[in-house]
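> Build me a model from this:
(one chain, ligands or ions: 1)
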Amino acid sequence: MLRIAVVGATGAVGRECLALLDGGIVPVEQVVPVGSARSVGRDLGRELGLSLPLADLVTLDELDPRGLDVAVFSAGAEVSGREAEQLAAAGVLVVDNSSAFRMRPDVPLVVPQVNPAALDDRPACGLVANPNCSTIQLVRALHPVHELAGLRGVVVATYQAASGGGVRGLRELAEESRAVLDDPGAQGAPGGRFGQPLAFNLVPEIGLPDAHGLTHEERKLVREPRKILGLPDLRVSATAVRVPVFDCHSEAVHIALREPVTAEAVEEALAATPGLRVHRRSHSPAYPMPRTVFARREDRALVHVGRVRVEPEDDRALALWVVADNLWVGAALNALQIVELAAKNGWLG
Ligand SMILES: NC(=O)c1ccc[n+]([C@@H]2O[C@H](COP(=O)([O-])OP(=O)(O)OC[C@H]3O[C@@H](n4cnc5c(N)ncnc54)[C@H](OP(=O)(O)O)[C@@H]3O)[C@@H](O)[C@H]2O)c1
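Numbers count the residues shown, from 1 in each chain. Predicted structure coming up:
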């Protein structure tokens, strides 16, 4: 039985962590919700209808590390960068959802279905990084394909939901959508959570661009899969786009392979992979979609792959369509599966 702190408990990811813990994903003795001073006094148990043993919400300053086994941080990179190492130094395993530590060589970047061996031993620094939401669903689809035919290069275009922008992103999309429906001429103004108006629009810039024009989100999609898959030279080219969808990220993935494949063999390899659901070409529709994936609890826990096709002129060129719930598969669920794996490996608590 674990004592777990959920830092950022009132946020889009934190609330899903609480819901998954309430569902019993790992056995808990107590869960301590942590938020900013703004949230002190909120009764999350009542708000979210939880029945798990939940302590009163505290701030990070008030959080007592004694007796705490794990802290799952989902409060942004600035908060993690400032607070997580101190907690880890006090003996608490920190599983961090932000980008603060992902590329640090001494911090394992873990997707339990892909590189579980990274958690064989407790990291000396006490930190484990949860990858970016788009990275997680990408590597979960790529891993079985790599084992089947070897990856040479990947080109990915993402279609990312508003929930990736947290509670504020979800609220803004709802408010903007209503405003445009009330007044179809309304243009909205630059700014807000997504930099540009998102309702009835597409925004092909997630995070700030670097000197090469790659955005922050695209840099994560290039670098993180290399570390997780153990392929430091893998060529990845990414275009990350925010779309006016509330939940679930989608990805069009084009893969250059070392060995020739057939679509049937790829479907079989994907279907044999735990946690993946293949939407086969023989079924209709032969693809997952954000709304249908989000509609069912069991589907929210899976990575969905469809539109499996091999180019007629090149049997080393594969294309996939991948959809997953960014709040579960891309964040809360992966973080808690890390906790589950650490507990199973016997070095937690
Ligand atoms: N959304 C996704 O799909 C997704 C996926 C993967 C990773 N992530 C990462 O997860 C983190 C959280 O994302 P989100 O989408 O859940 O954001 P969010 O909805 O904006 O929630 C942010 C949370 O951080 C808390 N917080 C802010 N300042 C704090 C402080 N000083 N001390 C304690 N808590 C503080 C907020 O608490 P108050 O309400 O009290 O202010 C809130 O609970 C980010 O690092 C994000 O990059 C998000």
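
> for A55, what are its contacts?
Contact partners of A55, counting by C-beta atoms under 8 Å, 6 or more residues apart in numbering, are Q30, V31, V32, P33. Yep, even glycine has a C-beta here, placed from its N, CA and C like the rest.

> Check those for burial and list the buried ones.
Neighbour counting by 16 or more other C-beta atoms under 10 Å classes Q30, V31, V32, P33 among those as buried.

> quick one: which of those residues is nearest V107?
V32 (23.1 Å; C-beta to C-beta).

> Can you classify that closest one by secondary structure?
strand (DSSP: H, G, I helix; E, B strand; the rest coil).

> Contacts only, for the closest residue to the ligand within the stretch 1-150 of the chain.
Closest to the ligand within the stretch 1-150 of the chain is G11: 2.1 Å, counting by C-beta to the nearest ligand atom. G11 sits next to S74, A75, G166, V167 when contact means C-beta under 8 Å, 6+ apart.

> so how far is C133 from the third one?
This points to G166. To C133, G166 is 11 Å away according to C-beta to C-beta, to the nearest Å.

> Likewise for the second one?
Distance from A75 to C133, counting by C-beta to C-beta: 16 Å.

> sorry, back to before: quick one: which of G166 and C133 has more around it?
It is C133, of G166 and C133, that has more neighbours when counted by other C-beta atoms under 10 Å, with 27 against 19.

> what's around the nearest residue to the more buried one once chain neighbours are set aside, how many residues?
Setting aside the residues directly before and after it, C133 is nearest to G330 in space (C-beta to C-beta, 6 or more residues apart in numbering), at 2.8 Å. G330 has 30 neighbours, counted by other C-beta under 10 Å.

> same check, this time on the one 5 residues further on
Residues within reach of A335, counting by other C-beta under 10 Å, total 26.

> tell me what the helix or strand where it lies is packed against?
Using DSSP states H and E, A335 sits in helix 333-344. Applying 3 or more C-beta pairs under 8 Å, 6 or more residues apart in numbering; DSSP states H and E, one finds that helix 333-344 contacts strand 2-7, helix 12-22, strand 70-73, strand 93-96.

> Let's verify V155: helix, strand, or coil?
strand.

> heads up, I number from 632, so please use that
In the new numbering, first residue 632, that becomes V786.

> by contact count, what packs against the host helix or strand of A950?
Secondary-structure assignment from DSSP H and E places A950 in strand 948-955. Packing partners of strand 948-955 (3+ C-beta pairs under 8 Å, 6+ apart): helix 764-780, strand 880-888, helix 921-926, strand 934-941.

> and the last one, average pLDDT?
This means strand 934-941. Strand 934-941 shows a mean pLDDT of 98.

> just the first one next, same as before
Confidence over helix 764-780 (mean pLDDT, whole number) is 98.

> again with the third one
If you average the pLDDT over helix 921-926, you get 98.

> Do any residues in that helix lie close to the ligand?
No - Helix 921-926 lies out of reach of the ligand by C-beta under 6 Å from any ligand atom, never closer than 12.4 Å.

> contacts for that helix?
Residues outside helix 921-926 that contact it (C-beta under 8 Å, 6+ apart) are 792, 876-881, 930-931, 933, 935, 954-956.

> Quick one, which of these are buried?
Neighbour counting by 16+ other C-beta under 10 Å classes 792, 876, 878-881, 930-931, 933, 935, 954-956 among the contacts of helix 921-926 as buried.

> Point out the most buried one among the helices and strands packed on strand 948-955.
helix 764-780 (a mean of 24; mean count of other C-beta atoms under 10 Å).

> mind checking how far the nearest residue to G645 once chain neighbours are set aside is from E890?
With sequence-adjacent residues excluded and distances taken as C-beta to C-beta, 6+ apart, G645 is closest to G639, at 4.1 Å. Separation of G639 from E890 (C-beta to C-beta) stands at 43 Å.

> Please apply the same query to N976.
On the measure of C-beta to C-beta, N976 and E890 end up 33 Å apart.

> Comparing the two, which residue is more hemmed in?
Taking neighbours as other C-beta under 10 Å, N976 and E890 compare with N976 leading, 13 against 10.

> Excluding chain neighbours, what is closest to the more buried one?
In space, N976 is closest to L750, 6.0 Å off (C-beta to C-beta, 6+ apart).

> That neighbour: neighbour count?
Counted with other C-beta under 10 Å, L750 comes out at 19.

> again, but for A715
Residues contacting A715 under the criterion other C-beta under 10 Å number 27.

> For whichever strand or helix holds it, name the packing helices and strands.
In this structure, A715 sits in helix 708-720 according to DSSP H and E. Under the contact definition 3+ C-beta pairs under 8 Å, 6+ apart, helix 708-720 sits against strand 701-704, strand 724-727, strand 758-760.

> Reformat those strands as TSV; add distance to L652.
Converted to TSV, the helices and strands packed on helix 708-720 look like this (distance: least, C-beta to C-beta, whole Å):
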stretch	distance to L652
strand 701-704	9
strand 724-727	13
strand 758-760	17
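
> Now render these as CSV, adding distance to S868 and mean pLDDT.
CSV is the format used below for those (distance: least, C-beta to C-beta, whole Å; pLDDT from 0 to 100):
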stretch, distance to S868, mean pLDDT
strand 701-704, 30, 98
strand 724-727, 27, 98
strand 758-760, 23, 98
